[in-house]
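> below is the sequence, then the predicted model.
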Number of protein chains: 2
Amino acid sequence: MTVTYTFLGKGGTGKTTIAFATAKRYASQGKKVLFVGQEPASILSLILGADIGPEPTEIDSNLKAVNIQAASLLESGWEELKKLEAEYIRTPFFKKVYGQELGVLPGVEGILTINVMRGYSSSGEYDVIIYDGTGDKETLRLLGSAEIMSWYIRRFRQVILDSDLYKAISPFVQPISSAILNVDWTGDNFSQPTEKINELLDNAKSTIADPNRVAAYLVTTNDKAAIATARYLWGSAQQVSLTVGGVILNQADLVDNITAESSPITAEFAPLSVTPIPRRSTEDWQPLMDALPDFSQAVKAPKPMIIDIDKSQVSLFLPSFDKKQIGLTQYGPEVTIEAGDQRRNIFLPPPLSGKPVTGAKFQNDYLIISF
Amino acid sequence: MTVTYTFLGKGGTGKTTIAFATAKRYASQGKKVLFVGQEPASILSLILGADIGPEPTEIDSNLKAVNIQAASLLESGWEELKKLEAEYIRTPFFKKVYGQELGVLPGVEGILTINVMRGYSSSGEYDVIIYDGTGDKETLRLLGSAEIMSWYIRRFRQVILDSDLYKAISPFVQPISSAILNVDWTGDNFSQPTEKINELLDNAKSTIADPNRVAAYLVTTNDKAAIATARYLWGSAQQVSLTVGGVILNQADLVDNITAESSPITAEFAPLSVTPIPRRSTEDWQPLMDALPDFSQAVKAPKPMIIDIDKSQVSLFLPSFDKKQIGLTQYGPEVTIEAGDQRRNIFLPPPLSGKPVTGAKFQNDYLIISF
């Protein structure tokens, strides 16, 4: 079983440094670790003091590292995709296209990243994966893609099936998706989502929602904009059911007399624990590695959603929002939660599905909805 | 004529602060200024000390500010789009969809942003627009969207026209694009791109490529990763024909005895000028405003591409790359330049179009291609 940790926070707070220190610490404890970066190679090498290429490569005992770049992912998968397309489509579209040419399209990088991450996680080769992405809304969108995709399928299935557009493109959807997502969808298509696709999405969703498998930690400095950004991302993470395990206060040696208990930001992130970490001032990673929190404590952090069938209640953790910012609407089997500039659609499990909302209250950062 | 300035650099280098100081300086000089932010409202307010909403609002003499959020843009344009769709399409797809629900789709935010920016720029209300985006590859992708779109049209026009997929979707492309891009495409479609669409893209491309209309400045601190990121973005900006006018070395008061001439990074960004700026340490913006460079000097910076018809030469500015990282291929009327992990397709003007490449050399950061 592989656990993936990632870090969220404002740019410049030291996410990449903390991520690499975390990878080194797990490796030093004998865990098999993969560090996944996603920055131009030259910059990543500078920060880490190690060269990291497009394939997982051992850079230290127990520690492999890889730098995911859309350009090279596209190049390697392209020929296969073209072959597939030529089999299925009379007038192939991709025949004369170079894979890399698609890298500029919005969304392509995200799909490729989530797919390659899924591969690393299911390979069984690693105990711990450290994903050093952009650490902002983009990372959350990426981790939430199964949640979003499965919502789209529920939400638009009938609308799409009834549309002229779908009738026209349906022969192409399956072969191309299979090639890109590397899943055998034979006998499956959008109009009859059979086990395979539902299983894939349900697996992905339950993996993201399980703090034994995936958790995020917030990284901030004592800067007020960095703290506000961390709080915003804390709230946003809940919308994609990602558990936030704790807070790392980086460069804590710049703040006077700080301990875990006296941190000036403890109240703003309660009930999460705040771990002060010193600046990285030398080439020695050990002081950082020693100061890091125990990431497995993420399982004790508040869950993004708790469904209590007996009480007919759903509780949603919505930290960093106040009551006035929260709205609730019901549309068919879905309940829609608006929190600040965010919106989330919740599909209720069978016993609650279709029941009308009878009440809602906001208590201890949880929105408790009764049916 | 409106000029738009934007800032590129690593997270945490102070791009938003510099951008706001720039807006304040132009306003103090009597120019009509619009500051465009794109962050969660709570965070932007914290950094700027001013509340900024989803519509341009006067926050100071000559200075309006707006915070673009995809969620609210979607909401306001949605009803209109649905009405349009219902007129053109027998089985409307959007009828039962809330605008905000599409905000989670990749790419939607970018399209909305570029469209609303175009509106501000062509309104004639502003002398200067300061765009404070993410300041990374995402901003470049956004500013490059006309370049990318027009390349796609050239590159895939015939492939698309021949495809079954296009034949199926062609009736829908026009009305929906018109609604989203707010352009009257009547009588136009993909198979016969008439004046309107070509004009739109050509205008957008020449606007981005004209340093009198749009320019970017790099922001960095003395941190080595921040410098490497700025250099990487400098190279990347050329790929979308965006002029980089200069470099701002933020927090220069943390570096000993620094002047514009003695800056430790001057050599790394030559021939651009490096302007040291002090940290923002008080609520007073004046010291920052006074230290800023003269942004109109961007017209003197190296042009991303120089076409010399008489000499049959095209020169491409490719800073931050070395000769070994650069590759050149020719495909039909297009020339493709690979630089590091980037790729760019150049469509040659008529006198050079179709001519074979006869030579190429790399000189003073320019790739000079002869035909």
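Nice, I can see it.

> ok, then the element right after the worst-scoring helix or strand of chain A on mean pLDDT?
Taking all helices and strands of chain A together, the one with the lowest average confidence (mean pLDDT, DSSP states H and E) is helix A:164-181, at a mean of 57. Past helix A:164-181, further along toward the C-terminus, the next helix or strand under DSSP states H and E is helix A:195-209.

> buried ones in that next one?
Within helix A:195-209, the residues scored as buried using 16 or more other C-beta atoms under 10 Å in any protein chain shown are A:Ile197, A:Leu200, A:Leu201, A:Ala204, A:Lys205, A:Thr207, A:Ile208, A:Ala209. C-beta coordinates here come from the backbone N, C-alpha and C atoms, glycine included.

> now do whatever helix or strand comes next after that helix: distance to the chain's middle.
Reading on from helix A:195-209 to the C-terminus, the next helix or strand found by DSSP H and E is strand A:214-220. Its chain's C-alpha centre and that of strand A:214-220 lie 11 Å apart, by C-alpha atoms, centre = their mean, to the nearest Å.

> look up how far chain B lies from the nearest residue to A:Gly332 once chain neighbours are set aside.
The spatially closest residue to A:Gly332, leaving aside those adjacent along the chain, is A:Gly354, at 7.9 Å (C-beta to C-beta, 6 or more residues apart in numbering or on different chains). Per C-beta to the nearest C-beta, to the nearest Å, A:Gly354 is found 18 Å from chain B.

> tally up the residues packed near A:Val244, please.
A:Val244: 26 surrounding residues under other C-beta atoms under 10 Å in any protein chain shown.

> scratch that, A:Glu283
Residues lying near A:Glu283 (other C-beta under 10 Å) number 6.

> which of the helices or strands spans it?
Using DSSP H and E, A:Glu283 falls within no helix or strand.

> just A:Tyr26 next, same as before
Remark: A:Tyr26 resides in helix A:15-28, with elements defined by DSSP H and E.

> could you tell me the angle between that helix and strand A:214-220?
Compare the direction of helix A:15-28 with that of strand A:214-220 by axes from the mean of the first three to the mean of the last three C-alpha atoms, to 10 degrees and you get 130 degrees.

> check what contacts helix A:15-28 and list those residues.
By C-beta atoms under 8 Å, 6 or more residues apart in numbering or on different chains, the residues outside helix A:15-28 that reach it are A:5-9, A:33-35, A:37, A:39, A:44, A:47-48, A:60-63, A:65, A:127-128, A:130-132, A:135, A:217, A:219, A:248, A:250, A:277, A:280, A:285, A:288-289, A:292, A:295, B:225.

> can you pull the contacts of the residue nearest to A:Ala301 when sequence neighbours are not counted?
The shortest distance from A:Ala301 to any residue that is not its chain neighbour, by C-beta to C-beta, 6+ apart, is 4.9 Å, and that residue is A:Gly245. With contacts taken as C-beta under 8 Å, 6+ apart, A:Gly245 has the following neighbours: A:Tyr5, A:Pro211, A:Ala215, A:Ala216, A:Tyr217, A:Leu272, A:Pro293, A:Phe295, A:Gln297, A:Ala298, A:Val299, A:Ala301.

> thinking again about what came up before, A:Arg279 versus the residue nearest to A:Gly332, what's the distance?
54 Å (C-beta to C-beta, to the nearest Å).

> which of these two has more neighbours?
Applying other C-beta under 10 Å to A:Gly354 and A:Arg279 shows that A:Arg279 carries more neighbours, namely 15 against 11.

> I'd say that one and A:Asp253 touch.
Yes. The criterion here is C-beta atoms under 8 Å, and A:Arg279 meets it with A:Asp253 at 5.6 Å.

> how about A:Pro276, nearest residue that isn't a chain neighbour?
The nearest residue in space to A:Pro276 (C-beta to C-beta, 6+ apart) is A:Ala252, at 3.3 Å.

> list the buried residues of the helix holding A:Tyr26.
Residues of helix A:15-28 classed as buried by neighbour count (16+ other C-beta under 10 Å): A:15-28.

> tell me the one of the residues you listed nearest chain B?
When those are ranked by distance to chain B (C-beta to the nearest C-beta), A:Thr16 comes first, at 8.0 Å.

> quickly list what A:Val214 is bridged to.
Under the criterion DSSP bridges, A:Val214 forms beta bridges with A:Thr4.

> before we move on, what about the one 5 residues further on?
Counting by DSSP bridges, A:Val219 is bridged to A:Ile248.

> thought it was touching A:Thr6?
No. Distance between A:Val219 and A:Thr6: 10.3 Å, which falls outside the contact criterion (C-beta under 8 Å).

> what sits in contact with each of those two?
For the pair A:Val219 and A:Thr6, residues contacting each of them under the criterion C-beta under 8 Å, 6+ apart are A:Gly135.

> quick one on the thing from earlier: then the helix holding A:Tyr26 to PDB, C-alphas only?
Output in PDB follows, covering the C-alpha atoms of helix A:15-28 (Å, rounded to 0.1, in the frame of the first residue of the first chain):
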ATOM      1  CA  LYS A  15       7.100  23.700  -0.500                       C
ATOM      2  CA  THR A  16       9.700  22.000  -2.700                       C
ATOM      3  CA  THR A  17      12.300  22.100   0.000                       C
ATOM      4  CA  ILE A  18       9.900  20.600   2.600                       C
ATOM      5  CA  ALA A  19       8.700  18.000   0.100                       C
ATOM      6  CA  PHE A  20      12.300  16.900  -0.600                       C
ATOM      7  CA  ALA A  21      13.200  16.800   3.100                       C
ATOM      8  CA  THR A  22      10.200  14.600   3.700                       C
ATOM      9  CA  ALA A  23      11.200  12.300   0.900                       C
ATOM     10  CA  LYS A  24      14.800  12.100   2.400                       C
ATOM     11  CA  ARG A  25      13.400  11.400   5.900                       C
ATOM     12  CA  TYR A  26      11.200   8.400   4.800                       C
ATOM     13  CA  ALA A  27      14.100   7.000   2.700                       C
ATOM     14  CA  SER A  28      16.400   7.300   5.800                       C
END
